[in-house]
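*Asks:* Provided below are the primary sequence and the corresponding predicted coordinates.
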Amino acid sequence: MQLSRSPAFVLGAVAPQDADYSAVTVSNTQVTRLGLHGPARDKDCALRSPPVVNIVDAPTSGELQVRGAKIKLSATSSCPEIEAPFQAVLFRPKPKLFGQDKVSYTVTG
């Protein structure tokens, strides 16, 4: 199954983006993680507010979920190891479905 998503963001600091379209091929038998979004650290190592994920356009051929998770961020030369709140965006297609679909979500924070 081919799934288009917009916008796509990467792990780490969340920067606003007007549009970043990407296509992902997903299995029709398992959940696929489309994004993992977490807070950035300030220069004093404190975590910024966790990002907020909002679904703009839900898929028609499956289910899009946003789940909270705690992830350990590795220590850096200036910051200790810390556990941070993240938001995972997950897609589960309907069983035995082939074709294309599109989802859109925003990340702020």
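*Replies:* Sure thing, it's come through.
*Asks:* number of nearby residues for the closest residue to S78 other than its chain neighbours?
*Replies:* The spatially closest residue to S78, leaving aside those adjacent along the chain, is C45, at 6.8 Å (C-beta to C-beta, 6 or more residues apart in numbering). For every residue, glycine as well, the C-beta is placed using N, CA and C. In terms of burial, C45 registers 13 neighbours under the definition other C-beta atoms under 10 Å.
*Asks:* Over to D101?
*Replies:* 21.
*Asks:* tell me the pLDDT at it?
*Replies:* At D101, the pLDDT value in this model is 83.
*Asks:* Point me to the helix or strand that includes it.
*Replies:* With elements taken from DSSP states H and E, the one containing D101 is strand 100-108.
*Asks:* Mind listing the strands that strand pairs with, and their directions?
*Replies:* Strands adjacent to strand 100-108 in the sheet, as given by DSSP bridges, are strand 2-6 (parallel), strand 52-57 (antiparallel).
*Asks:* Buried residues in the last one, which are they?
*Replies:* Within strand 52-57, the residues scored as buried using 16 or more other C-beta atoms under 10 Å are V53.
*Asks:* residues making contact with it?
*Replies:* Contacts with strand 52-57, where a contact means C-beta atoms under 8 Å, 6 or more residues apart in numbering, come from 35, 37, 64, 66, 87, 89, 102-109.
*Asks:* let's see it at 7 Å
*Replies:* Residues from elsewhere that reach strand 52-57, judged by C-beta atoms under 7 Å, 6 or more residues apart in numbering: 37, 64, 66, 87, 89, 102-109.
*Asks:* Helix or strand: which one has the residue nearest to the spatial centre of the chain?
*Replies:* Centre of the chain computed as the mean C-alpha position; nearest residue by C-alpha atoms, centre = their mean is G35, 2.3 Å away. Counting by DSSP H and E, the element that carries G35 is strand 32-37.
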